[in-house]
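Asks: kindly generate the corresponding structure for this input.
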Amino acid sequence: MKNKTLIEICVDSVESAIAAEKGGADRIELCDNLFEGGTTPSAATIELAKKYVNINVNVIIRPRGGDFLYSGIEFETMKRDVLIAKDSGADGLVFGILTPDGFIDKERNAELLSLSRPLPVTFHRAFDKSSDPFKSLNDLICLGIDRLLTSGQEQSAFEGAGLISKLIKMAEGKIIIMPGGGINENNISKIISLTGAKECHLTGKKKINSRMKYENNRILFRSRPEISEYEIFMADQDRIRKIKEIINK
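Replies: Got it, this is the predicted structure:
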């Protein structure tokens, strides 16, 4: 019998977490601000996600969008957020810090890792901005990181499948390599086949229209004007269920 492929759904709201679980998600990565690639969610969001879903909720620790080189104050924020997330019921933590030269910041990541224990830790796609993927993987293994989320240093996991496959072989089971980035119902089977991955990370989202009857489009708050502020993106339980059916065949 083939081993089951675990599906982690990235969400930025409690309602999306609920929908993801109903669709068959095995685990949630909880964040805020998906338009920036995900930042740290509030304590209330973590607490309510844990209240309303029964699957594991891993919480991203990222103080802002942009690069993964953080100031002293930002690092202090991350350390405090790790403790808040643990106190709020997180089942795991997700973070990543690089040096100015694009290497794994072993000292700072080790400090966050120590604060995170005994919870499992995922190193997120900061890895995809690192300057040497093989050295970075070895550093993460030496640190004792449990899981690596990566698109194979390409825009999507499908494009990066070649590197992901090499990383999985290099890891030799010492760290879980989880493909993520642009994974959907049209390519997930191919990505699993090309890489041999046992876990995959995706959003499975859909666009829904705002329930507002009055709209004022003269004022924009989003930094991406091509996306209407009267459109909301949420996890689509039917789409996630379809993806699960595809990979379970």
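Asks: next one: the biggest helix by length in the chain to chain centre, how far?
Replies: Ranked by residue count, the top helix of the chain under DSSP state H comes out as helix 72-87. Its chain's C-alpha centre lies 18 Å from the corresponding centre of helix 72-87 when counted by C-alpha atoms, centre = their mean, to the nearest Å.
Asks: for the host helix or strand of Ile240, which positions count as buried?
Replies: Using DSSP states H and E, Ile240 maps to helix 237-248. Neighbour-count burial for helix 237-248, with 16 or more other C-beta atoms under 10 Å as criterion, is recorded at 237, 239-240, 243-244, 247. The way it works is simple: take the backbone N, C-alpha and C, and place the C-beta from them, glycine included.
Asks: one more: stretch 164-175?
Replies: 164-168, 171, 175.
Asks: greatest separation within the residues you listed: which pair is it?
Replies: Farthest pair in the buried residues of stretch 164-175 (C-beta to C-beta) is Ser165 and Ile175. Separation: 14.8 Å.
Asks: returning to what we had before: contact partners of the helix holding Ile240?
Replies: Residues from elsewhere that reach helix 237-248, judged by C-beta atoms under 8 Å, 6 or more residues apart in numbering: 4-5, 7, 9, 19-20, 22-25, 184-185, 188-189, 192, 200, 202, 204-206.
Asks: separation between Gly182 and Asp128?
Replies: 12 Å (C-beta to C-beta, to the nearest Å).
Asks: any residues in contact with both of the two?
Replies: With C-beta under 8 Å, 6+ apart, Gly182 and Asp128 have common neighbours Ser151.
Asks: higher neighbour count, these two?
Replies: Asp128 (22 against 18; other C-beta atoms under 10 Å).
Asks: just list the residues touching the more buried one, thanks.
Replies: 150-154, 160, 181.
Asks: that one should be in a helix, yeah?
Replies: Yes - per DSSP: H, G, I helix; E, B strand; the rest coil, Asp128 lies within a helix segment.
Asks: for it, give me the pLDDT.
Replies: The model reports Asp128 with a pLDDT of 98.
Asks: same check on the one 3 residues further on?
Replies: Predicted confidence (pLDDT) at Ser131: the value is 97.
Asks: report the separation between the residue of the chain most remote from its centre and Tyr230.
Replies: What lies farthest from the middle of the chain is Tyr214; by C-alpha atoms, centre = their mean that is 34.4 Å. Tyr214 sits at a distance of 10 Å from Tyr230 (criterion: C-beta to C-beta).
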